[in-house]
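Asks: Fold the stuff below for me.
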Amino acid sequence: MAETVGTPTDNALSEHADLEAQLADPSVHADQGRARELGRRYAELGPLVAAIREQEALSADLEAAREMAADDPEMAAEADELTGRVRELDARIRDLLVPRDPADAKDVILEVKAGEGGDESALFAGDLVRMYTRYAEQRGWRTEVVSATEGELGGYKDISLAVKSRDPADPVYGRLKYEGGVHRVQRVPVTESQGRIHTSAAGVLVLPEAEDVDVTIDQNDLRIDVYRSSGPGGQSVNTTDSAVRITHLPTGVTVAMQNEKSQLQNREAGMRVLRSRLLALALEEQNAKDAAARGAQIRTVDRSEKVRTYNFPDNRVADHRSGYKANNLAQVLDGDLDPVISSLVDADTAAKLSGDDA
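Replies: As a prediction, this is how the structure comes out:
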């Protein structure tokens, strides 16, 4: 007998019930990694299941109201109102059924690198780091500096931040993945004596943080070099070979770490970033056709391939993918990122619903 395939909503309800049963089993929690993954998926399905159940209840009320509408004008008005609410729920359920990126529920390694613009670019990279840190604070996320190289006048030549959510229902990668790409700034640099406006750029790369179970690394595939750490301008900050460079030979992915005081700590931090980069690479290969989800993360810090511009003279921020524009630059740089990111989420959802995700 052929297996019956249910509707998407039926499948969602069935999966949610199955996850609930598994999470109620004490033996599942003996494997914290598995329990965490099940909990994330359960939380992810929660809004969809709530909308389906609300729709079922409203549909029953609507049917009853329509039966009584012929003899009761008030029930006819209520039927009209219920019809509108059911249609709204239909649209919400449709949006919630859009396939999600499998990495959306993961935490993030966020890398910011100064590009064209020298010292000004490093200062701008520092502004972006502050923006993301403030945004994380507003959402109740935790941030941790994994590695950083400071600029001569402040800011960062490059920095890696770990961003973690305390709530499985508020995933980090699902929001921050849209920040990947080249960010451009237009302003008068602190080093400019003539008051001229300069343009510089910084690159942002958002990696889903990999857990040990996500990526298997053969130690024989690694080349590990050690060297002495150095500070801004090349000045020595360490007289021992504590800095570590890890190269994954099969892919050529390289990670360098020098922030920690010991070689072991730098190696651990380097492996953490390496796992995330290899996971991102694997996901990119797996979803090569999904250009809408992956194409925004530009690998070269080139001002011509920008995703967003921060214009100080006009107090304007403009995202070049969603078309979002607002004259509240100071608030955005202070962490008020939700409206910008929501515009990208909406554009991504609309593209997927229309089938235009290539």
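Asks: tell me which element the nearest residue in space to residue 352 that is not next to it in sequence falls in.
Replies: Leaving aside its sequence neighbours, residue 352 sits nearest to residue 98 (C-beta to C-beta, 6 or more residues apart in numbering; 4.9 Å). Using the backbone N, CA and C atoms, a C-beta is placed for each residue, glycine as well. Counting by DSSP states H and E, no helix or strand carries residue 98.
Asks: Would you mind measuring from residue 98 to residue 24?
Replies: Separation of residue 98 from residue 24 (C-beta to C-beta, to the nearest Å) stands at 29 Å.
Asks: And for residue 343?
Replies: Applying C-beta to C-beta, the value for residue 343 to residue 24 is 39 Å.
Asks: same deal with residue 39?
Replies: Per C-beta to C-beta, residue 39 is found 12 Å from residue 24.
Asks: Comparing those two, which residue is more hemmed in?
Replies: Using other C-beta atoms under 10 Å as the criterion, residue 39 and residue 24 rank with residue 39 on top: 18 against 9.
Asks: looking at this, the more buried one is in a helix?
Replies: Yes: using DSSP: H, G, I helix; E, B strand; the rest coil, the assignment for residue 39 is a helix.
Asks: quick one: it and residue 169 touch, right?
Replies: No: with contact defined as C-beta atoms under 8 Å, residue 39 does not reach residue 169; the gap is 9.6 Å.
Asks: Buried residues in the one helix or strand residue 62 maps to, which are they?
Replies: Using DSSP H and E, residue 62 maps to helix 32-69. Neighbour-count burial for helix 32-69 flags 35, 37-45, 48-49, 51-52, 55, 58, 62, 65-66, 69 (criterion: 16 or more other C-beta atoms under 10 Å).
Asks: same question, stretch 264-281
Replies: Using 16+ other C-beta under 10 Å as the test for burial, stretch 264-281 gives 266-267, 269-280.
Asks: before we move on, what about stretch 77-89?
Replies: Neighbour count says stretch 77-89 has 78, 79, 82, 89 buried, by 16+ other C-beta under 10 Å.
Asks: just stretch 166-174 next, same as before
Replies: Along stretch 166-174, these residues count as buried under the neighbour rule (16+ other C-beta under 10 Å): 168, 171, 172, 173, 174.
Asks: export those residues to TSV and tack on secondary structure and pLDDT?
Replies: Below are those laid out as TSV (DSSP: H, G, I helix; E, B strand; the rest coil; pLDDT from 0 to 100):
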residue	secondary structure	pLDDT
168	coil	72
171	coil	82
172	coil	92
173	helix	92
174	helix	89
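Asks: what two of those residues are the furthest from one another?
Replies: Spatial extent of the buried residues of stretch 166-174 (C-beta to C-beta) is set by the pair 168 and 173 at 12.4 Å.
Asks: So for these two, which residues contact both of them?
Replies: Contact criterion C-beta atoms under 8 Å, 6 or more residues apart in numbering; residues shared by residue 168 and residue 173: residue 105.
Asks: Look up which residues are beta-bridged to residue 225.
Replies: Following DSSP bridges, residue 225 is listed with bridge partners residue 245.
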